[in-house]
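# Pasted the sequence and its predicted model underneath.
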Amino acid sequence: MSRAIVQSGDRLFGPGTDDPDRDVTMMLLRRQPLSCRRLAVLLVLTLVGSTVTAAGVEYRLTDPALEVVPIDSSPRESFLSMRADAAGRLFVGGREAIFVYEPDDTSTSGGLGKRQEIFRFPADSWVYDLEIRGNDLYAMTNRALYLLPGAVTKRNGVQARRLVWGHPDYHPHQCFHGLAWGPDGYLYLSLGDMLVFYGDFRRPDHWGHWTFFCQPKGTKVPYTGVGGVLRCRPDGSDLQVVARGTRNSCGLVFDSRWNLFTHDNDHEGLPLDYVPGRLLHVTPGADFGWPRGWMPTKTPDRADLLRTMVKDMGRGVPVGQTYYDEPGLPERYRGNLLLARWGRRAVTRYVVRRHGATFQATEHVLLEGLDTARPVGVAVGRGGNVFVTLAYMAHNEGSPVYRSDLLMIRRKDPAGRRRFRGFDMLEASPQQLFAELGRGGSWPARRAYVELVRRGRDAVAGVVDRLKASNPERSGYPHLVWLAAHSARLGWVERRKVVPQLVDLVRDSDSPARGVATRALAECFGADGELKTLWEGLLSDSDPRVQQFAVIAQATSPAPSLTTIAAGPARSTDSYVRQSAFQVMARHGSLKQLAGWATSRDDRIRLAAVLAIGTRLTIPPAVGSLRPGLPLGKWPNPKVYRVTYVGQTVDVRKLGPVGVFSTADHWRAGKHTPEQETLFALLLARLSDNSEAVRLQAAHYLSLTRDPRSESRVDAVRRQSERQRLKRAPIRGVAELWVSGPFDDRGAGFQTVHPPETRAVDVAGRFAVGKKTIRWEKLKPIRMFDFHRKYGDTDGASCYAYLRLISPRRQQVLLTPGSDDGLKVWVNGRKVHENDIARGGLPLQDVVFAELEPGSNEVLFRVRNVVGEHCLYLHYRSLGGSVQATLPEPLDAGGLAARLKEAAKGGKQKVAAAFLDVDWTTEATRGDKARGKKLFAASGIGCAKCHAAKGLAAVPGAPSLTGAGKRFTVQYLVESVLLPNRRISPVFRSTVIVTSKGKVVTGLVVGETGQAVTVLTPEAKRVEISKGEIEERKTQNVSAMPAGLVKTPRELRDLLAYLLAQ
């Protein structure tokens, strides 16, 4: 690859390169698609030999004070993860291999030498992260955590020893991911959810169960959960669950004060519920809610979800993550989290600031990828520079081989080119390591900290005196606090010399080290009986950080102060403090205590009680065997159970129970214990609570059980909740309506029934009223839909207005019409509103909630006038803006006949001659409903495989035909059946997918996750396609419904008779 320096604002800058003309050539060539490379060669040949000052590059910096130094490029190794040591080495993990770049002062590639391979794992073993401890390298592949002894300096004969493993090999993207050494000496691991496919996402809930194997060899840890954060000792022993409820957290990093952060990939297949992505602060015991929820801004009625650090990250598929607090780059980069965001094609940085017990962050772009250049890794290394790996990918793939680049970002000024002086941690004395803690760079300080902990008792002997002599405002002070606490816990230094110092820091409300001291003390000595009074006092502290870790300390106590926790932290509006508190209540509270809290006079205590009860009832322990007899479902593909490791392929089914389940699965199958029934009854009683927040939270937990005793009441509470959310949803206007009138009410107002409300609306229809004919016409608003302006005098008459609302799913919509005077509203032929009143028209006068079916929904308004002005105002609200207003085009019997004849002549949608010249309105009345029902069934022509004539659709997302007789005209139904491509709603267009093996799948996309797309084919089959196998995907302006299903006019006549009777 070119060694040219790519600078912000420049295309390609050549001085100092070995061969700038060749660099330009290669960069131009590699950017071209295969089909254009011959043309590119001709273009480059005309440039070579002339002075070239610019050429196309595939990334750019946003900061002119920085520059990019290309280090390496590979067409096949698929660079991904990175880790730098203090000596200046850079380790890089790829699709299967680990490489090292040794320091080389003569190199113009960022002071690094050529790539050397250290070790190669089995195929598709993606090395997602690397860590260093002493002379050992740790590698996190998608299948296992490995230790490579001596691999920091060893170059031949490197071996990989498996430390932690055992999960199914579901997908290369949903697996083990990040690594980070913690201040407690543990290695922290991030884990993705390996069962994103499972469950009904109209009521999301699922759990996976398998056995992790760790050290000593043969140790088994039965695990139940989704994604999360784990930790183990350096030798792979003592595997623990730190946090739960992530979908696919890849990166994992501690900051300079040992706060832990990760991020979570959004669920792009369900954007209304699980987009944007999440930047997360991880604390002990945190539950981030997936798949039951995503973030409070999505479901503000849920009090169990944790606040995220950024409200709107958008879609982004973040992969690598690091923390920057170094003197190398300009000051504005200090204290930033950095993310490599594959989907955004960017490395973004986040300025982090404290907010209650957690953090908030503001996003800025550091590096942008162009065309197919997608950042996947980001790390900090030599000289405080930033390293980035780029993947060149057109789209998402399961386990791709992609061209990749390795880059370094540094200052553009001379300071950025200073010679890097490495620091050999293995040869350094303890005094040198301690000095490194306070030099002002977070990355080398954390490396020194890990080395001190590795060496143990002798190396840390002076930590107590150093802590006492140090200034709490110094950058190295948090490291000394943690090192002293950790050393005292392990007995390396005397506890009596450390704990009093930490207690003094915790009690000093002005100390800048108070937060880090509270956390270190809580995690190392939370169960210490001598500190019980301290923790009880801190439960009412004004600092949410201190309050939360006082709760966490209490959680490790055999007798936590539950009454104080319920009356204090559990009532907090800080989501982190509240969650830690109700988790302690759930774990330690007796049934009598839970019942007492649930009937408290305090709304917030009752809410905390419901949170504790629901947690205890519906969230299984993360570690431990399942109750005997409870069912476990299977992964769709049995291949996931056979996992290939270094030197061995294992069928994890033979090692212990493995499978998937939902809360409802186990609730339905298992015999309920007396405690479970008591908890269920306590939640059921809260559905009648006078606090809406309490009712909604109880409904959430009860809905997970799907118990018939609670279902109807849960539905009622949730409908009311949805209506409250609709009231807060953005409001949208309507640009045009079909209108007809005026119809004389003959002095009887709404008691007089006019033709438009007696049948499905046919905008091609005419109404004979006396000597005049009334027809449907389009009308645009001038502030309002003004019937008086259009028709003149309409005293004592009614006018009608009509539109169609397109919905991607069954949901409520909020209509907010205003009228002069009275108003009636029908949705899909059912009257949903009537307000017989004399009034002046104003916007938003009435509130009308209506249930929409998937697909087209017919909405009809009648506005009756008493005297004078006569108008309609119309606005509506939908969740996520998912409902679209549209107007159907007129289609009468003549128009239908003309379209069918046109098709019969050999158009794209052919129609047999037998269907022509038929009066379908008359034929529909002659049809046999019973035969039509049989035809509609799955065993007939198969309509019921996709559509529902009653209730919910067989396939979520497919258009509903419920109440078709009131919603659709005969002409509309005939055209939809015989000419399905004639008029297509945008949400029901067909998609064509071409796989890498050349297979073509066409149909309606009815489900999508980060790993797979589910397509409903014209044969009514559900086909799941891995995104890694998708070569091309296009949406077509054709229907997913096949033409030609109905073979004879008689079949169509009977089918119409059945549908119109609904």
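Structure received.
# Just give me the neighbour total for residue 494.
Per other CB atoms under 10 Å, the neighbour tally for residue 494 reads 11. In short, each C-beta sits where N, CA and C put it, glycine included.
# quick one: contacts for it?
464, 488 (CB atoms under 8 Å, 6 or more residues apart in numbering).
# 6 Å - rerun?
Residues in contact with residue 494 (CB atoms under 6 Å, 6 or more residues apart in numbering): none are found.
# Quick check: the gap between it and residue 500.
Residue 494 is 11 Å from residue 500, where distance means CB to CB, to the nearest Å.
# Retrieve the pLDDT associated with the spatially closest residue to residue 631 that is not a sequence neighbour.
In this structure, residue 631 finds its nearest non-sequential neighbour in residue 669, 5.2 Å apart by CB to CB, 6 or more residues apart in numbering. With respect to pLDDT, residue 669 scores 92.
# Find the nearest non-adjacent residue to residue 564, please.
Of all residues beyond its chain neighbours, the one nearest residue 564 is residue 539 (5.1 Å), with distances taken as CB to CB, 6+ apart.
# pLDDT score assigned to the one you found?
pLDDT for residue 539: 97.
# I'd assumed residue 549 was in contact with it.
No: in this structure, residue 539 is not within contact of residue 549 by CB atoms under 6 Å, at 10.4 Å.
# So between these two, which is more surrounded?
Comparing residue 539 with residue 549 by other CB under 10 Å, the one with more neighbours is residue 549, at 29 against 23.
# model confidence over the host helix or strand of that one, on average?
Taking DSSP states H and E as the definition, one finds residue 549 inside helix 544-555. Mean pLDDT, helix 544-555: 97.
# Find the centremost residue of this structure, please.
residue 266 (2.1 Å; CA atoms, centre = their mean).
# Against residue 565, how distant is it?
Going from residue 266 to residue 565 by CB to CB gives 34 Å.
# Who does the closest residue in space to residue 60 that isn't next to it in sequence form a beta bridge with?
Nearest residue to residue 60, sequence neighbours excluded (CB to CB, 6+ apart): residue 368, at 5.5 Å. Beta bridges link residue 368 to residue 60, residue 346 when assigned by DSSP bridges.
# Over to residue 1015?
With DSSP bridges as the rule, residue 1015 is bridged to residue 1005, residue 1023.
# And the pLDDT for it?
Reported pLDDT for residue 1015: 78.
# just the CA coordinates of stretch 76-91, formatted as CSV?
What follows is stretch 76-91 as a C-alpha-only set of coordinates in CSV (Å, rounded to 0.1, in the frame of the first residue of the first chain):
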residue,chain,number,x,y,z
ARG,A,76,-7.6,-11.1,2.1
GLU,A,77,-6.6,-10.9,5.8
SER,A,78,-9.6,-8.8,6.7
PHE,A,79,-8.0,-6.7,9.5
LEU,A,80,-10.3,-6.1,12.4
SER,A,81,-8.9,-5.7,16.0
MET,A,82,-5.8,-4.0,17.4
ARG,A,83,-3.8,-3.7,20.6
ALA,A,84,-0.6,-1.8,21.2
ASP,A,85,1.9,-2.4,23.9
ALA,A,86,4.1,0.2,25.6
ALA,A,87,7.2,-0.9,23.7
GLY,A,88,5.7,0.3,20.5
ARG,A,89,4.5,-3.0,19.0
LEU,A,90,1.1,-3.2,17.3
PHE,A,91,-0.9,-6.4,17.3
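# Name the residues of it that come out as buried.
Of the residues in stretch 76-91, 77-91 count as buried by neighbour count, 16 or more other CB atoms under 10 Å.
# Can you say which two of those residues are spatially most distant?
Maximum pairwise distance in those, criterion CB to CB, is 27.2 Å, between 78 and 86.
# Show me what the helix or strand harbouring residue 680 is packed up against.
Secondary-structure element containing residue 680, defined by DSSP H and E: helix 674-686. Secondary-structure packing of helix 674-686 (3 or more CB pairs under 6 Å, 6 or more residues apart in numbering; DSSP states H and E): helix 591-598, helix 603-618, helix 692-705.
# isn't residue 246 right up against residue 229?
No: the criterion here is CB under 6 Å, and residue 246 misses it with residue 229 at 7.5 Å.
# So between these two, which is more surrounded?
residue 246 (29 against 25).
# Now do the domain split for the protein, please.
Domain assignment for the chain by automatic domain parsing gives 1-57, 58-417, 493-717, 729-886, 893-979+1043-1060, 987-1039.
# Could you export the helices and strands packed on helix 674-686 as CSV, including mean pLDDT and distance to residue 288?
Putting the helices and strands packed on helix 674-686 into CSV (pLDDT from 0 to 100; distance: least, CB to CB, whole Å) gives the following:
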stretch, mean pLDDT, distance to residue 288
helix 591-598, 98, 24
helix 603-618, 98, 14
helix 692-705, 96, 16
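# Dump those helices to a markdown table, plus mean neighbour count.
As requested, the helices and strands packed on helix 674-686 are arranged in a markdown table below (neighbours: other CB atoms under 10 Å):
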| stretch | mean neighbour count |
| --- | --- |
| helix 591-598 | 18 |
| helix 603-618 | 24 |
| helix 692-705 | 23 |
